[in-house]
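Chemist: Provided below are the primary sequence and the corresponding predicted coordinates.
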Amino acid sequence: MNSRFYSPLPALKDFVKYYIIFDTYIDDFDKLTQCSIPYNCPVLILAVSDDAPTLVVEGHSISDVSGHFGGQTYSPIYMDKPGNFRIIVVLFQANGAYRLFGIPQNEFFGQFVMVKDFLGKHTNDIQERIYENRNNNHEIIRELNIFLLRFLKQNQTGKTYLDHVISQIIDKNGIVKVEELCTDLNINPRTLRRHFKQQVGISPKEFTWLYRLNKLHKYLMLDENISIHDVVYKLGYYDQSHLINDLRKYAHYTPGSLCGNNNIILSHFMKADSYYEKISA
């Protein structure tokens, strides 16, 4: 499995984290156990190859994922059909898809929908142009930037207090009490929850939990020598058993099996996260 990461245009960075182009080969499926562990951001998946993968999301099989938008999920996503696939994933900021497209994100929790049903018939054009340039990564990224900039001009929703709340959660590694954020910002908890579910797709507490779980994955995947006790301390878990229970329940893994594991597509997201965090710093 190969992956390449690309930054969006500066004008899109408030909405899109980055693009990833994956090349997955049929031999990879002997060791590929999952497509993804639960992640804290929505994604847009476009197939660049002649064939497209089948995903199992929340127990439901979605065939030929060639142009789909995926919302938040609490369970792993599995790639169910072996094959030689080239796909591009657009990973959005937490509320980036809502701000760019103006469509409530809670409608997409736990599911993948076809892009044309989500964004309209003109998405056929971008899929055709991407396929025409399937062997030229830079042209693929160029076409995606042009496509997304169209929505930036049409539907852009400006920043709100929610962006500050999301930044606080991220800056504190998910170790934050939502009630304290509401008090600091003088926000009604019900109002925050309603706006969060509309723009991010899940509640602020659920986002905090997912963000911390993803940080846990990143520590374990990218540092084989890290101490579990250090991770417990860094991420504010009560104890080691609490950490292990979270992993088993939501990711279906133990800490030992995650360490250095590159057979999960999410590990590529984690590497991209780490790379772009350094660039941002």
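Modeler: Nice, thanks for sending it over.
Chemist: so where's the stretch 151-281 of the chain uncertain?
Modeler: Residues of the stretch 151-281 of the chain that meet the criterion pLDDT under 70 lie in 155-156, 258-264, 266, 268-270, 274-281.
Chemist: strands along that one, start to end?
Modeler: Applying DSSP state E, counting those that start in this stretch to the stretch 151-281 of the chain gives no strands.
Chemist: now do the helices in it.
Modeler: 161-171, 178-185, 189-199, 204-222, 228-234, 240-246, 255-258, 266-280 (DSSP state H, counting those that start in this stretch).
Chemist: show me what the first one is packed against.
Modeler: For helix 161-171, the packing partners by 3 or more CB pairs under 8 Å, 6 or more residues apart in numbering; DSSP states H and E come out as helix 178-185, helix 189-199, helix 204-222. Heads up, the C-betas are built off the backbone N, CA and C, glycines and all.
Chemist: deepest-packed of the helices of the stretch 151-281 of the chain, please.
Modeler: Per residue and on average, the most neighbours among those fall to helix 204-222, with a mean of 22 (mean count of other CB atoms under 10 Å).
Chemist: with only the CA atoms kept, save it in PDB.
Modeler: Extracted C-alpha coordinates of helix 204-222, given in PDB (Å, rounded to 0.1, in the frame of the first residue of the first chain):
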ATOM      1  CA  PRO A 204     -18.800  18.100  21.700                       C
ATOM      2  CA  LYS A 205     -18.300  15.300  24.200                       C
ATOM      3  CA  GLU A 206     -18.300  12.700  21.500                       C
ATOM      4  CA  PHE A 207     -15.900  14.700  19.400                       C
ATOM      5  CA  THR A 208     -13.600  15.100  22.500                       C
ATOM      6  CA  TRP A 209     -13.700  11.400  23.000                       C
ATOM      7  CA  LEU A 210     -12.900  10.600  19.300                       C
ATOM      8  CA  TYR A 211     -10.100  13.200  19.200                       C
ATOM      9  CA  ARG A 212      -8.400  11.600  22.300                       C
ATOM     10  CA  LEU A 213      -8.900   8.100  20.800                       C
ATOM     11  CA  ASN A 214      -7.200   9.300  17.600                       C
ATOM     12  CA  LYS A 215      -4.300  10.800  19.500                       C
ATOM     13  CA  LEU A 216      -4.000   7.400  21.300                       C
ATOM     14  CA  HIS A 217      -3.800   5.700  17.900                       C
ATOM     15  CA  LYS A 218      -1.200   8.100  16.700                       C
ATOM     16  CA  TYR A 219       1.100   7.600  19.700                       C
ATOM     17  CA  LEU A 220       0.900   3.800  19.400                       C
ATOM     18  CA  MET A 221       1.200   3.600  15.700                       C
ATOM     19  CA  LEU A 222       4.100   6.000  15.200                       C
END
